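Trainee: give me coordinates for this.
(3 chains)
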Amino acid sequence: MSAELTAAAPAAERIGPILALLHAAYPDARCALDHRNALELLVATILSAQCTDERVNKVTPALFARYPDARAFAEADRAELEEMIHSTGFYRNKAKNIQEACARIVEVYDGQVPATMDDLLSLAGVARKTANVVLGTAYHMADGIVVDTHVKRLAQRLGLSTQNDPDKIERDLQAITPREEWIDLSHLLIFHGRRVCDARKPNCPGCVIRHLCPAAQA
DNA sequence: ATCCCGAGGG
DNA sequence: CCCTCTGGAT
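Mentor: Below you'll find the model as predicted:
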């Protein structure tokens, strides 16, 4: 007889099937921010705050052509940089953070984006979410799990965490997810969040993991 | 808790 | 009009 897993099962038991079903649904899940190196990914991720990746990808080609390295960003004219990233929102904070972060990368890290959590967190505008993106995708050294707005929402709906603070949600996810899946987990939840488990009107009937979701609507 | 901030969708 | 988008600093 099959002990069918239900939405009422503990998160630690549901995470395996959830990962397997999402892997099957989104075999191409990956970082959606266009980039060619760690610095470009860092800048794109800072720009992605409260902004769609699609919009970030519209401004970064010209941005990366104009500013090819950390020194170029650090020495850029602030007003010109602000204009180039204006459409991503929060453009004053983002321009300031990019320039301060790049100045430190030049002065302290010899122009190379650091590859440890503590060093990344010392950069302006970089907290755990952005640091986890750079470590996981640019350096393939997942030190944590990316918890953005999609991961937060889906973790809560799926009952993988009852917390509200992203750092606490990250710890809950770490506790039930094999480390080798930490990078994929975020990409899978982000893809699913965008295509099915929308913030406004989730498409539960079309969801491949609805039978494992406490929040699923009939 | 509040501020930063544009763009797109409903 | 309102809500949301790969957040972070104060």
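
Trainee: use CA for all of it now, contacts and neighbours both
Mentor: Noted.

Trainee: so for stretch A:40-60, mean pLDDT?
Mentor: What stretch A:40-60 shows for mean pLDDT is 98.

Trainee: can you get me a residue count around residue A:202?
Mentor: Neighbours of residue A:202 under the rule other Cα atoms under 10 Å: 16.

Trainee: same check, this time on residue A:132
Mentor: 27.

Trainee: now it. Nearest residue, chain neighbours left out?
Mentor: What sits nearest to residue A:132 in space, not counting adjacent residues and going by Cα to Cα, 6 or more residues apart in numbering, is residue A:146, at 5.5 Å.

Trainee: got it, and residue A:155?
Mentor: Distance criterion Cα to Cα, 6+ apart; nearest residue to residue A:155, sequence neighbours excluded, is residue A:161 at 5.8 Å.

Trainee: with residue A:78 instead?
Mentor: Distance criterion Cα to Cα, 6+ apart; nearest residue to residue A:78, sequence neighbours excluded, is residue A:95 at 6.9 Å.

Trainee: one step back: distance of the residue nearest to residue A:132 from DNA strand C?
Mentor: Counting by Cα to the nearest atom of the strand, to the nearest Å, the gap from residue A:146 to DNA strand C is 6 Å.

Trainee: and that residue, how far from residue A:173?
Mentor: Here residue A:146 is placed at a distance of 10 Å from residue A:173 (Cα to Cα, to the nearest Å).
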